[in-house]
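A structural model of the following input is requested.
(chains A and B)
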Amino acid sequence: MWKARKEDEQAKPSTPNPTFTPVPKEVRPVESPKSHDMRSDVAHIGKSVIIKGELSGSEDLFLDGEVEGTIELERNALMVGPNGRIRAHINAREVVIHGKVDGNIKCTDRVELRRTAVLVGDIATQRIVIEDGAFFKGAIDIQREAKPEEKKGSPAFAAAAPVGAGVPGSGFEKK
Amino acid sequence: MGTVTQNLFKLFRNSSGGGQEKGSPEPGARSRRHSSGFKEFMRTVSGQEELCFLDLGATSASNISTLTERGSKIYTEDLLASASDPDLMTLGEDGTKVVDVDRFMKENLAFRGQILDAVLFWDVADYLPEPLVKPVIEKIFCAMKPGGVLLAFFHTKDAGPNSPYSRYHFAGDDALDLQPVRIQNGSGSPSFVKLQRVFNNRHIENLFRDFSSLKFFLARDNIREVLVIR
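Numbers count the residues shown, from 1 in each chain, chains lettered A, B, ... in the order given. Got it, this is the predicted structure:
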């Protein structure tokens, strides 16, 4: 009655009584990007990858590792995952940040800072969404939309909500 | 047996308050307040496009949205969060931990030649470490254009020592939503920041003595609002 079953002991050898296991306090909870945030044809860079230099491409990119240098995805989208650590200037069509970025962002469509995001740098974009809890230090320069017909297809990492609206607590809710 | 044990632990956890600080505000909860100072600030900047704003409070998406929709540029810097960075601490002459003022000023408020038209200082001065208050205001003075406007709030003594540091959100032209925010302290856990000091009118006038004019608004909730013209 009082003994733990053998299977349980094998499964969790280091935690004999889970009730007493101290829960680590997380200051910035790690948030996994939701499945609808990403398309299947997105290139992935995992959290153990470290890149120094110029990163460029012509496909959407999910970046969960470390990059130091520059990121050029002029016509494509970049998502910085919760483990992403970027020290680079970014040029992309769309940027969604869950992790940490230290550098300027130039974006032709929009920038999203999710609640776990930490961004130190300036942003030049057409639209921006910032969730409550995101840390941002820098300047925001909103570029006026040149041609409305530029928006072709659905944004790669976009949730269903319209740009700049409907993110709970973001302050962008329509009143 | 396991259920009984679990219930006991549940009871114990509930009796300890679930980790919430006693008497502390609920994180994320907003309260609205009328602000004559803010109304005057918005009136001063209205009708002007392509202004450059500086928001020194905790990052507010609605403020950024409002100002950028007006065609303005906004520089945002959560000054108190930056000042709470444990890496900035150094040992003072008496062996206590103090903020490295030189390093703080070097790493923050870098506008790269940008001239500021309007500054939202909020009540940051009431919470900043003492050695930072004057240098910060001097640096802002240098970055502002003559005739630029700054809005600052100061708690009066009656506001109480527990007034938490809050994020200010625009809520129309004459109102603000306040949302208490927690900042990571030296021990690594986020907590509400309490008032560090209370400035009286003379202190405030001294702080902004280089500016050309000050206009005071005393609010009902023991906040002294000051509109400062560079």
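
can we go C-alpha only for contacts and neighbour counts from here?
Noted.

so residue A:54 makes contact with residue A:71?
Yes. Applying C-alpha atoms under 8 Å as the test, residue A:54 and residue A:71 come out as touching, 6.0 Å apart.

neighbour count winner among these two?
Comparing residue A:54 with residue A:71 by neighbour count (other C-alpha atoms under 10 Å in any protein chain shown), the higher total belongs to residue A:71, at 21 against 13.

so what's the more buried one bridging to?
Following DSSP bridges, residue A:71 is listed with bridge partners residue A:55, residue A:90.

so it sits against residue A:55, correct?
Yes. Judged on C-alpha under 8 Å, residue A:71 makes contact with residue A:55 at a distance of 4.7 Å.

which parts of the chain are strands?
All of this is about chain A. Assigned by DSSP state E, chain A shows strands spanning A:43-45, A:50-56, A:61-63, A:66-80, A:85-97, A:100-102, A:105-113, A:118-120, A:123-125, A:127-130, A:135-142.

chain B is the one I meant
For chain B, the strands defined by DSSP E cover B:31-34, B:52-55, B:73-76, B:89-91, B:97-99, B:116-122, B:144-155, B:166-170, B:175-180, B:182-184, B:190-192, B:213-218, B:223-229.

with only the CA atoms kept, save stretch B:209-225 in PDB.
Below are the C-alpha coordinates for stretch B:209-225, written out as PDB (Å, rounded to 0.1, in the frame of the first residue of the first chain):
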ATOM      1  CA  ARG B 209      15.100  73.700 -12.600                       C
ATOM      2  CA  ASP B 210      16.700  73.700 -16.100                       C
ATOM      3  CA  PHE B 211      13.300  73.500 -17.800                       C
ATOM      4  CA  SER B 212      11.400  76.700 -18.700                       C
ATOM      5  CA  SER B 213       8.100  76.100 -16.900                       C
ATOM      6  CA  LEU B 214       6.200  73.700 -14.700                       C
ATOM      7  CA  LYS B 215       2.400  73.300 -14.200                       C
ATOM      8  CA  PHE B 216       1.100  71.300 -11.300                       C
ATOM      9  CA  PHE B 217      -2.200  69.400 -11.200                       C
ATOM     10  CA  LEU B 218      -3.200  67.900  -7.900                       C
ATOM     11  CA  ALA B 219      -5.400  64.800  -8.400                       C
ATOM     12  CA  ARG B 220      -7.900  63.300  -6.000                       C
ATOM     13  CA  ASP B 221      -5.900  60.100  -5.600                       C
ATOM     14  CA  ASN B 222      -2.900  61.800  -4.000                       C
ATOM     15  CA  ILE B 223      -0.900  62.000  -7.200                       C
ATOM     16  CA  ARG B 224       0.700  65.300  -8.100                       C
ATOM     17  CA  GLU B 225       0.800  65.600 -11.900                       C
END
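
give me the contacts around it.
Defining contact as C-alpha atoms under 8 Å, 6 or more residues apart in numbering or on different chains, one finds that stretch B:209-225 is touched by B:35-37, B:141, B:151-159, B:205, B:208, B:226-230.

could the strands of chain B be laid out in JSON lines, adding mean neighbour count and mean pLDDT?
Output for the strands of chain B, formatted as JSON lines (neighbours: other C-alpha atoms under 10 Å in any protein chain shown; pLDDT from 0 to 100):
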{"stretch": "strand B:31-34", "mean neighbour count": "14", "mean pLDDT": "86"}
{"stretch": "strand B:52-55", "mean neighbour count": "25", "mean pLDDT": "92"}
{"stretch": "strand B:73-76", "mean neighbour count": "25", "mean pLDDT": "90"}
{"stretch": "strand B:89-91", "mean neighbour count": "14", "mean pLDDT": "82"}
{"stretch": "strand B:97-99", "mean neighbour count": "17", "mean pLDDT": "83"}
{"stretch": "strand B:116-122", "mean neighbour count": "23", "mean pLDDT": "94"}
{"stretch": "strand B:144-155", "mean neighbour count": "21", "mean pLDDT": "93"}
{"stretch": "strand B:166-170", "mean neighbour count": "23", "mean pLDDT": "89"}
{"stretch": "strand B:175-180", "mean neighbour count": "20", "mean pLDDT": "88"}
{"stretch": "strand B:182-184", "mean neighbour count": "19", "mean pLDDT": "73"}
{"stretch": "strand B:190-192", "mean neighbour count": "17", "mean pLDDT": "71"}
{"stretch": "strand B:213-218", "mean neighbour count": "15", "mean pLDDT": "90"}
{"stretch": "strand B:223-229", "mean neighbour count": "22", "mean pLDDT": "92"}
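
for residue A:49, the count of nearby residues, please.
Residue A:49: 12 neighbours (other C-alpha under 10 Å).

name the nearest residue to it, ignoring sequence neighbours.
Counting by C-alpha to C-alpha, 6 or more residues apart in numbering or on different chains, residue A:49 lies nearest to residue A:65, which is 5.0 Å off, once chain neighbours are set aside.

need the contact list for the one you found.
Counting by C-alpha under 8 Å, 6+ apart, residue A:65 makes contact with A:45, A:46, A:47, A:48, A:49, A:50, A:81, A:83, A:84, A:85.

so in terms of bridging, what pairs with residue A:44?
residue A:62.

how about chain A: which residue is closest to chain B?
residue A:139 (3.9 Å; C-alpha to the nearest C-alpha).

what residues does that residue make contact with?
By C-alpha under 8 Å, 6+ apart, the residues touching residue A:139 are A:121, A:122, A:123, B:73, B:74, B:75, B:76.

ditto for residue B:145
By C-alpha under 8 Å, 6+ apart, the contact list for residue B:145 reads B:115, B:116, B:117, B:230.

how far away is the residue of chain A closest to chain B from residue B:210?
Applying C-alpha to C-alpha, to the nearest Å, the value for residue A:139 to residue B:210 is 26 Å.

before we move on, what about residue B:144?
12 Å.

can you check residue B:65 too?
Residue B:65 is 32 Å from residue B:210, by C-alpha to C-alpha.

ok, what's across the strand from residue A:96?
Beta-bridge pairing of residue A:96 under DSSP bridges involves residue A:79, residue A:112.

what about it, how many residues nearby?
The number of residues packed near residue A:96 is 24, by other C-alpha under 10 Å.

tell me the pLDDT of it.
Note for residue A:96: predicted pLDDT of 96.
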